[in-house]
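Asks: Quick check, what structure comes out for this input:
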Amino acid sequence: MLTLTSLGGAGTVTGSKHLLANGDKRILIDCGLFQGLKNLRELNWEPLPIAPASIDAVILTHAHLDHSGYLPKLVRDGFRGRIYATSATRDVSELILKDSGHLQEKDAEYANRKGFSKHKPALALYGIHDAERSLEFFSTVPFDKPVKLPFGATLTFRHAGHILGAATAEVEWGGRRIAFSGDLGRYDDPVLPDPVPVPEADYVLIESTYGNRVHDPADPTEALGAVVERTIARGGTVVVPAFAVGRAQSLLYHLWKLKTAGRLSKVPIYLDSPMAIDATDLLHAHREDHRLTPEQCKEVCAIATYTRDVDGSKGITASPYPKVVISASGMATGGRVLHHLKAFAPDARNTILFSGFQAAGTRGRAMLQGAQETKIHGEWIPVRAAVEELSMLSAHADSNELVRWLSGFRRPPSRVFIVHGEDEGSEALRVRIDRELKWNAVVPRQNQKFDL
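Replies: Numbers count the residues shown, from 1 in each chain. Predicted coordinates:
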């Protein structure tokens, strides 16, 4: 009997872990960290309901931390199978996992040195050595080519369009065909390919990050240009907390478009995130995974001043001149952007610009909801800068685009499982699927088991 259990990513946007079991064989689709609310983050420290050593394989749809970030702990705790991913996802995972291990070690060290953690001592969930160890278990799989896995399953990756290397995963196993959306990107994105339809499946798992929202149809280049120009006119700086992989590169594209149109000609642009810089370099290495020509790729990547070292980052913060600063992390939960927020959030001339989904419990969500102050490194920082959001820059499909992808199936699946969403978004998408497609859809609870 084939069964499905969501060990994460059910009732929340983070922590994606979906377990397929067939007899004594187990495949985990995605292996992400919980982020945001404290009660969710604490789940990262809890043991999995099953022993990591009992998992035979992991299928990774893409490299974002909420889908890949638990892999180092899984390996440290006994997993010895293979991790199947596209070539670009493997390369991006190397950046993200090593950065995650490094930041967790640094955050724990900083908390212990400053004494602001309630834990004595503060510990890292895992470190950079654990991240490097997990990379030894990756096996790369091409797009659009069915691949036999060692235990009787067949895997097919198709472009999902969310970030470089992102894929939907079709798993045929035990006489059933299950399609996992991973995170779906936008249609007609200027940088990434459209989500590719899946012809048919018996069961479908679909994300619902924006299951209850439709993105602003405004032109993203124009919208971004308007925010920057307003801020520069009042002598301010635009700080963009951006996901190092995906959003940072799309932002560079739109800023390049503005520059080539003769706008923002004297505005310095900084990409202050070593991981985002490395991810931008990967555009050259994986040209088949995006729409940019080699010349465009070169020009887009050259639009910003790259800052790798800490002294350069401090110089950006110290500069009184108007500028655009793109820095990770995208939800302002860590990374160098926190230092920029400490410096620029208290000044009303500046703008904090969000361009991606902000999970509940993150600084980004709190600021978008009007927080007048935010706690960074144990210190409360006033938020007087303008806080703006450009949802049309999101890398996640909205409700219309999710339904559009589902409409690509040639026949109705037996059931649709709606995951990777907060309660309102998931339920809204379930109602819409029922009303418009007349399909059987359900929103799973965490650890709820389904027979397939």
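Asks: if we look at the sheet, which residues does Phe138 bridge to?
Replies: With DSSP bridges applied, the residues forming beta bridges to Phe138 are Ile83.
Asks: Would you mind measuring from the most centrally placed residue in the chain to Arg234?
Replies: Nearest residue to the geometric centre of the chain (Cα atoms, centre = their mean): His64, 4.0 Å. To Arg234, His64 is 34 Å away according to Cβ to Cβ, to the nearest Å. C-beta coordinates here come from the backbone N, C-alpha and C atoms, glycine included.
Asks: The chain - how does it break down into domains?
Replies: Taking automatic domain parsing as the reference, the chain has its domains at 2-213+395-451, 220-393.
Asks: Give me the below-cutoff pLDDT ranges for the stretch 101-250 of the chain.
Replies: Using pLDDT under 70 as the threshold, the predicted model of the stretch 101-250 of the chain has low-confidence ranges 115-119.
Asks: Please list all residues in contact with Ile59.
Replies: Ile59 makes contacts with 27-30, 83-85, 155, 169, 171, 180, as judged by Cβ atoms under 8 Å, 6 or more residues apart in numbering.
Asks: Check it and give its pLDDT.
Replies: According to the prediction, Ile59 has pLDDT 98.
Asks: where's it relative to Ile29, distance?
Replies: Counting by Cβ to Cβ, the gap from Ile59 to Ile29 is 5 Å.
Asks: Name the residues contacting each of these two.
Replies: When contacts are counted by Cβ under 8 Å, 6+ apart, the set common to Ile59 and Ile29 consists of 169, 171, 180.
Asks: Show me what the closest residue to the first one other than its chain neighbours bridges to in the sheet.
Replies: Going back to what we said before, that points to Ala169. The spatially closest residue to Ala169, leaving aside those adjacent along the chain, is Phe180, at 4.4 Å (Cβ to Cβ, 6 or more residues apart in numbering). Beta-bridge pairing of Phe180, defined through DSSP bridges, involves Ala169, Leu205.
Asks: Let me see the contact set for Phe180.
Replies: 18, 29-30, 59, 61, 168-171, 205 are the contacts of Phe180 under Cβ under 8 Å, 6+ apart.
Asks: and with 7 Å instead?
Replies: By Cβ atoms under 7 Å, 6 or more residues apart in numbering, the contact list for Phe180 reads 18, 29, 61, 168-169, 205.
Asks: Also Ser181?
Replies: Taking Cβ under 7 Å, 6+ apart, we find Ser181 in contact with 168, 205-207, 405.
Asks: Spatially nearest residue to it (excluding sequence neighbours)?
Replies: If you skip the residues right next to it in sequence, Ser181 has Ile206 as its closest partner in space, 4.5 Å away by Cβ to Cβ, 6+ apart.
Asks: isn't Lys148 right up against Leu155?
Replies: No. Taking contacts as Cβ atoms under 7 Å, Lys148 lies outside contact range of Leu155: 8.1 Å.
Asks: Which one of these two is surrounded by more residues?
Replies: More neighbours surround Leu155 than the other of Lys148 and Leu155, with 21 against 10 (other Cβ atoms under 10 Å).
Asks: I'd say the more buried one and Tyr84 touch.
Replies: Yes. At 6.1 Å, Leu155 counts as touching Tyr84 under the criterion of Cβ under 7 Å.
Asks: where do the contact lists of those two overlap?
Replies: The contact lists of Leu155 and Tyr84 share 59, 141, where a contact means Cβ under 7 Å, 6+ apart.
Asks: Farthest-apart pair in the contacts of Phe180, please.
Replies: Using Cβ to Cβ, the pair of the contacts of Phe180 lying farthest apart is His18 and Thr168, separated by 12.9 Å.
Asks: how far away is the residue nearest to Ala169 from Phe157?
Replies: Look at Phe180 and Phe157: by Cβ to Cβ, they are 10 Å apart.
Asks: what do the two both touch?
Replies: Residues touching both Phe180 and Phe157 by Cβ under 7 Å, 6+ apart: Ala169.
Asks: Next, the contact list for Leu251, please.
Replies: Contacts were defined as Cβ under 7 Å, 6+ apart; by that measure Leu251 touches 240, 242, 326, 355.
Asks: Asp30 too?
Replies: For Asp30, the set of contacting residues under the criterion of Cβ under 7 Å, 6+ apart consists of 16-18, 60-61, 67.
Asks: Phi and psi next, for it.
Replies: With angles defined as degrees, to the nearest 10, Asp30 sits at phi 70, psi 150.
Asks: hmm, back to that, report the buried members of the contacts of Ile59.
Replies: With neighbours counted by 16 or more other Cβ atoms under 10 Å, the contacts of Ile59 contain buried members at 27-30, 83-85, 155, 169, 171, 180.
Asks: any chance of those in CSV, plus distance to Pro72?
Replies: Output for those, formatted as CSV (distance: Cβ to Cβ, whole Å):
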residue, distance to Pro72
Ile27, 19
Leu28, 14
Ile29, 18
Asp30, 14
Ile83, 11
Tyr84, 17
Ala85, 15
Leu155, 22
Ala169, 21
Val171, 24
Phe180, 22
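Asks: Could you point out which of those is nearest to Thr293?
Replies: Distances from Thr293 to these, taken as Cβ to Cβ, are shortest for Ala85 (26.0 Å).
Asks: Any idea how many residues pack against the closest residue to the closest one other than its chain neighbours?
Replies: The shortest distance from Ala85 to any residue other than its chain neighbours is 4.1 Å, reached at Leu60 (Cβ to Cβ, 6+ apart). Neighbourhood size, Leu60 [other Cβ under 10 Å]: 28.
Asks: what about Val431, distance to Asp66?
Replies: Taken as Cβ to Cβ, the span from Val431 to Asp66 is 25 Å.
Asks: what packs against the longest helix seen in the chain?
Replies: Taking residue count as the measure and DSSP state H as the definition, the longest helix of the chain comes out as helix 87-114. The contact analysis (3 or more Cβ pairs under 7 Å, 6 or more residues apart in numbering; DSSP states H and E) places helix 87-114 against helix 65-68, helix 71-76, helix 128-135, strand 138-140, helix 274-285.
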